[in-house]
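Peer 1: how does the following fold in three dimensions:
(2 chains)
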Amino acid sequence: MRILAADDDPIILELLSQFLSTVGSHRLTTVGSALEAIELLGEDPDQAFDCFMLDIQMPRMDGIDLARHIRKMGQYQTAPIVMLTAMSEKRYIDNAFAAGATDYVTKPFDLTELKTRIGVVEQLIQTKHVASDARYNTNALLQSYLPVDSVDLHEPIALHDIDNVIACTAMENYVAQLSRSSLFGSTVFGFCLRKSEIHHENLSGAEFKYLIEDVAEVISDTFSGQQFLMTYGGNGTFLCITESGWRPDLLKLTDQLNLHLNRAQIMSNSGDELHPRVSSGAAIRLVWKSGDQLLDALSKAQGTAEHAAAEHERLKTDFFHIGKSA
Amino acid sequence: MSALADQLPGLDRIRCRFVELLEDRKTLIAQHALAAWDAQTADQINGHLEEARSLLHQIAGTAGTVGYPELGIIAQSCEAKIIDHLEGSYADLAVCPDEIIWRIDRFVEACGTLSTEE
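Peer 2: Sure, this is the predicted structure:
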């Protein structure tokens, strides 16, 4: 991997340099400040990096602003950004992920843990390469018989430039990063786009992606002013984590969201209004959960939202069967 | 420190560099602490404490990885105390809390022991 590390502490840069030389064939470039990193990235746009390791606290410009800057550069919208920092307070973790961080390692870092995280980052990059290679091969073989922009309904889609929306992997890392005390005020819940299979079937890959982006934007705007992070988990489902003890009334919020979606008048490329609507699942508090239980909570939030969306559609047609067995 | 850190080639060299840098950093931290103690205005006090905090932050971030976890914990406790003051309700008063000076004194003492050991 070609890695760019930015840290104002020369000891950290030496440690990283030494460490990365022992765990694989990586090419590390180091800079002592965020401004140097920006200068380097601007100097030679062709010198692409696969991954970034950023300290948060640096003079003049911090690593969070640097992460935001990197994300705005088209070629690095999905590149893994690992924050290496001694700032373990929740507000720094929240801001780092909201700015586009993929993972967060607290200093003093344990080198064994760092090795594991680097391995995960490598896998992410390889998966991305395999996906783009596969698409390239498919294109060559089928010569555009299949839509080149196909999107799998069940796969997460990376959404960019929407406030507080992060990648699915980043969401998992974010939850894993929070300590028990930080989880006290956290609640996770999901919204599922109703009839997502039908939308997926009727729309091209690009149109489906635009639809998901539009819905994410409406959710993000509806939550504006609240502290939250959101991701798209695939299958038409958006997962949200709220902070600071804010536990929304999901029924009211869903009505509000659907009203906003109605006003947004989201259309397909052919000009047909799509009328997207969402259903919400269960709100799950994250306090007292750790490790796999946290990931289970995310999965349960997604599952209950998908179930609610399916139930909503079923009840529209099975109205007279409510409460009756066959 | 993890087993991997023990096996990391070049760690001894980095550790030596850390101790060398620590000598200068320790002096700077002590100077800023004394300057904060003697300063007359809240801005001057907070400015010096901020400088000391920034250096302590770096030490807290690396000491544990290069094999000095206790020093890292002391540096972190100094940093936390300074942050408490800078973000607390007395930050706009021209007062440098004794507690910060006492903790930095402990930190400087711990650095001395470390340098002697090396």
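Peer 1: identify each buried residue in stretch A:156-170, please.
Peer 2: Within stretch A:156-170, the residues that count as buried by 16 or more other C-beta atoms under 10 Å in any protein chain shown are A:Pro156, A:Ile157, A:Ala158, A:Leu159, A:Ile162, A:Asn164, A:Val165, A:Ile166, A:Ala167, A:Cys168, A:Thr169, A:Ala170. Just so you know, the C-beta spots here come from the backbone N, C-alpha and C atoms, and that holds for glycine as well.
Peer 1: kindly check the end-to-end length of it for me.
Peer 2: 12 Å (C-alpha to C-alpha, to the nearest Å).
Peer 1: quick one: average pLDDT of it?
Peer 2: For stretch A:156-170, mean pLDDT is 88.
Peer 1: can you list the residues of chain B near chain A?
Peer 2: Residues of chain B lying close to chain A (C-beta under 8 Å from any C-beta of the partner chain) are B:2-5, B:8-11, B:14, B:17-18, B:21, B:54, B:57-58, B:60-66, B:69, B:72, B:76.
Peer 1: shaky segments in chain B?
Peer 2: B:1-7, B:115-118 (pLDDT under 70).
Peer 1: can you point me to the longest helix in it?
Peer 2: Longest helix in chain B, counting residues (DSSP state H): helix B:11-38.
Peer 1: how about the helices of chain A, start to end?
Peer 2: So, for chain A - with DSSP H - the helices run A:10-22, A:34-43, A:63-72, A:90-98, A:111-142, A:168-177, A:196-202, A:205-222, A:250-264, A:292-317.
Peer 1: find the closest residue to chain A in chain B.
Peer 2: B:Gly64 (3.0 Å; C-beta to the nearest C-beta).
Peer 1: re earlier: which stretch in the helices of chain A has the least confidence?
Peer 2: Note on the helices of chain A: lowest mean pLDDT is at helix A:111-142, with a mean of 67.
Peer 1: count of residues packed around whichever residue of chain A sits closest to chain B?
Peer 2: Closest to chain B within chain A is A:Pro108: 3.0 Å, counting by C-beta to the nearest C-beta. Burial of A:Pro108 is recorded as 24 neighbouring residues (other C-beta atoms under 10 Å in any protein chain shown).
Peer 1: quick one: distance of the longest helix of chain B to the chain centre.
Peer 2: 7 Å (C-alpha atoms, centre = their mean, to the nearest Å).
Peer 1: number of nearby residues for the nearest residue to B:His48 once chain neighbours are set aside?
Peer 2: Nearest residue to B:His48 in three dimensions, chain neighbours excluded: B:Ala36, at 3.8 Å (C-beta to C-beta, 6 or more residues apart in numbering or on different chains). Applying other C-beta under 10 Å, we find 24 other residues in the vicinity of B:Ala36.
Peer 1: A:Ile284 bridge partners, please.
Peer 2: A:Val188 (DSSP bridges).
Peer 1: contact partners for it?
Peer 2: If you count contacts by C-beta atoms under 8 Å, 6 or more residues apart in numbering or on different chains, A:Ile284 has them with A:Thr187, A:Val188, A:Phe189, A:Ala297, A:Lys300, A:Ala301.
Peer 1: what two of the residues you listed are the furthest from one another?
Peer 2: A:Thr187 and A:Lys300 (12.3 Å; C-beta to C-beta).
Peer 1: ok, these two, which is more surrounded?
Peer 2: A:Thr187 (22 against 16).
Peer 1: isn't that one up against A:Leu250?
Peer 2: No. A:Thr187 is beyond contact range of A:Leu250, at 9.9 Å (criterion: C-beta atoms under 8 Å).
Peer 1: which residues are in contact with both of those two?
Peer 2: Jointly contacting A:Thr187 and A:Leu250 under the rule C-beta under 8 Å, 6+ apart are A:Ala283.
Peer 1: isn't A:Asn262 right up against A:Pro276?
Peer 2: No. Contact between A:Asn262 and A:Pro276 fails when scored by C-beta under 8 Å: they sit 9.1 Å apart.
Peer 1: neighbour count: the two, which is higher?
Peer 2: Per other C-beta under 10 Å, whichever of A:Asn262 and A:Pro276 has more neighbours is A:Pro276, with 22 against 14.
Peer 1: backbone dihedrals for the more buried one, please?
Peer 2: For A:Pro276, the backbone dihedrals (degrees, to the nearest 10) come out as phi -70, psi 140.
Peer 1: you'd agree it is up against A:Ile198?
Peer 2: No. Contact criterion C-beta under 8 Å: A:Pro276 and A:Ile198 do not qualify, at 10.8 Å.
Peer 1: count of residues packed around A:Gly271?
Peer 2: 6.
Peer 1: now the phi/psi pair for it, please.
Peer 2: When quoted as degrees, to the nearest 10, the phi and psi of A:Gly271 stand at phi 90, psi 10.
Peer 1: show me the contacts for it.
Peer 2: If you count contacts by C-beta under 8 Å, 6+ apart, A:Gly271 has none.
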